[in-house]
Structures are given as C-alpha cells and as structure tokens.
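Participant: fold the stuff below for me.
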Amino acid sequence: MNATNAIPDWSDDSFFCGDLTLRQRLRGHRAGTDAVLLASLIPPDASGHAVDAGAASGAAGLMLALRVPRLSVDLIEIDPGDSALAAHNIIANGVADRCRIVTADLLASEEQRESAGLVKGQADFVLSNPPYLNADATRISPDPARARAHTMPDDGLVRWCRALAWLAAPRAIVALIHRTDALPYLLQALEGRFGGIAIRPVLPHADAPASRILLTARKASRAPLSILPAFVLHNEDGSFTQAATALHAGIYSFETRKD
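Facilitator: Below you'll find the predicted structure:
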C-alpha cells in the first residue's frame, strides 16, 4: 500500500474544466477559488523556476504548472499526509518532469530548510497562500492538519515572508493571497525585502467589501506601491462573472508588473 492509499479521507476533484484533477483531504484545508486566483497572478508566458510555499496537496502550484508550461515548480509542504497527496497529484496530472514535492517547514532554520532539499535564492516566482489565522488570537481546530494549515504563531507572518525572501532569486516576483484585514501585517512583513507592491482587492459582489487581497511584489525593488482595479467574483444572481468564469477555466491571468 503506498502513502496515498493509506489516507482514506480524500476526494478527487476537478479544476480547469477537468484539465486538473486534485486529490485532497475531505477534512482540513481544501482548495478552491483562492488557489485559482493565486495561480493566475503569474503570466502564461513566464519561464524559469517557481515555488508554491505552503502547497498543501498542490493546488496552486499545479495550476501554475499547467497554465505556464515553461516553468518548473517546487511544491513545499510541511504536512507529510498532504505531501503524499501532492506527490500523487504531480504524477496524476503528468507534470513529474517539471514538478517536485519538498516536505519542509518554512519557519525552520536555514540549515533545516537546506537539509530538506530547499535551495536559497533559486525561485524566479514565489507563490504563497499563508495560513490565515493567528494561533494566539483564534480558537484552534482540534484537527491537527486543519490547525497547521490555517494558523501560525504571532510572529509567523514576518517569519513566513522572510522565508519567501530566502527562497527568491534577485528580482524575483512574490505573489500572495490573504484576508483583507491582514494587509497592514503583510506590508510590514514585506518591508525591506520586496518593493513594487501591487494590491488587487477581490470582491464577492460588485457592491460588497473586499474579502481577499491579491498582492504581487518584486524582491529588492524600489518601485512605489499601487492599488489595482478590483476583481469581482459574482454577478447579482450569484453566478460567476465572465472574468471569474475564465479564471476557473484556467484561461485568465492578471498582469504582473515588470518594473
């Protein structure tokens, strides 16, 4: 019995109109629109090496690999169970020649990261959907996998962004998705490491407050911060907007600043 078959609580889910099949846990973190939004931040003509930092079962990183065929992608995940699912998903989606899973703790020391197989300064693109919740300010789930996926320590976001900078090559692009109320903490965590920050609010409906922010930045850039037009997910009747429909089909991408 392989590692994936030893995990009974998974489902096989389709994305990108069936072009991507993702095996993921039935309980705990499950991929959805956040992963699609994150993967769409990198233009389809990009090339080089990317990492999906905190990959879970590999949704955003594999979406990126399918959308951008000239990229190689490392999926970095701390949880061995999710790593096993990600390894399965790499093979099942036919991208084993360009993708690999690295089981590693991003908040560990540099020496521990390197021992796990990570390489400092290797990534031209760094994608990340950091755990959204502060472990010291929220009720932690009794499910260990869910707790690990959704929470981090009080200083965790700063340490997380420090690790992203460690992974990033000179002038690399970092792409993040987070809760709207986390923006001040994100800006603080990125300060001194990344510049040229571009923020795009994500709205559930045209007249609703933003529920998420998409953020891109370039390592060591001194370009000014910019606020980009909002991305609206749903029409008034609850259906996806035309842009959101294209996004979920894997044929929509946001422009990444090149300065």
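Participant: strands along this protein, start to end?
Facilitator: Taking DSSP state E to define them, one finds strands in the chain at 10-15, 20-25, 48-53, 71-77, 99-103, 123-128, 133-134, 151-152, 168-179, 194-205, 212-219, 226-227, 231-234.
Participant: in a markdown table, list those along with distance to residue 248, mean pLDDT and mean neighbour count.
Facilitator: From N, CA and C alone the C-beta is placed, and that goes for glycine too. Below are the strands of the chain laid out as a markdown table (distance: least, C-beta to C-beta, whole Å; pLDDT from 0 to 100; neighbours: other C-beta atoms under 10 Å):
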| stretch | distance to residue 248 | mean pLDDT | mean neighbour count |
| --- | --- | --- | --- |
| strand 10-15 | 7 | 93 | 14 |
| strand 20-25 | 11 | 95 | 21 |
| strand 48-53 | 18 | 98 | 26 |
| strand 71-77 | 20 | 98 | 25 |
| strand 99-103 | 21 | 98 | 21 |
| strand 123-128 | 17 | 98 | 26 |
| strand 133-134 | 26 | 52 | 18 |
| strand 151-152 | 28 | 66 | 20 |
| strand 168-179 | 15 | 97 | 21 |
| strand 194-205 | 13 | 97 | 19 |
| strand 212-219 | 15 | 97 | 23 |
| strand 226-227 | 25 | 97 | 12 |
| strand 231-234 | 10 | 98 | 20 |
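Participant: what distance do you get for residue 228 to residue 164?
Facilitator: Distance of residue 228 to residue 164, computed by C-beta to C-beta, to the nearest Å: 20 Å.
Participant: more neighbours: which of those two?
Facilitator: residue 164 (28 against 15; other C-beta atoms under 10 Å).
Participant: who's in contact with that one?
Facilitator: Neighbour list for residue 164: 53, 106, 126, 128, 174, 193 [criterion: C-beta atoms under 8 Å, 6 or more residues apart in numbering].
Participant: the closest residue to the second one other than its chain neighbours: how many residues sit nearby?
Facilitator: The reference is to residue 106. Distance criterion C-beta to C-beta, 6 or more residues apart in numbering; nearest residue to residue 106, sequence neighbours excluded, is residue 163 at 4.3 Å. If you count neighbours by other C-beta under 10 Å, residue 163 ends up with 23.
Participant: you'd agree residue 163 is up against residue 109?
Facilitator: No: taking contacts as C-beta atoms under 8 Å, residue 163 lies outside contact range of residue 109: 10.3 Å.
Participant: any idea what residue 195 is bridged to?
Facilitator: residue 218 (DSSP bridges).
Participant: list the contacts of it.
Facilitator: Neighbours of residue 195 in contact, by C-beta under 8 Å, 6+ apart: 217, 218, 220, 221, 222, 223.
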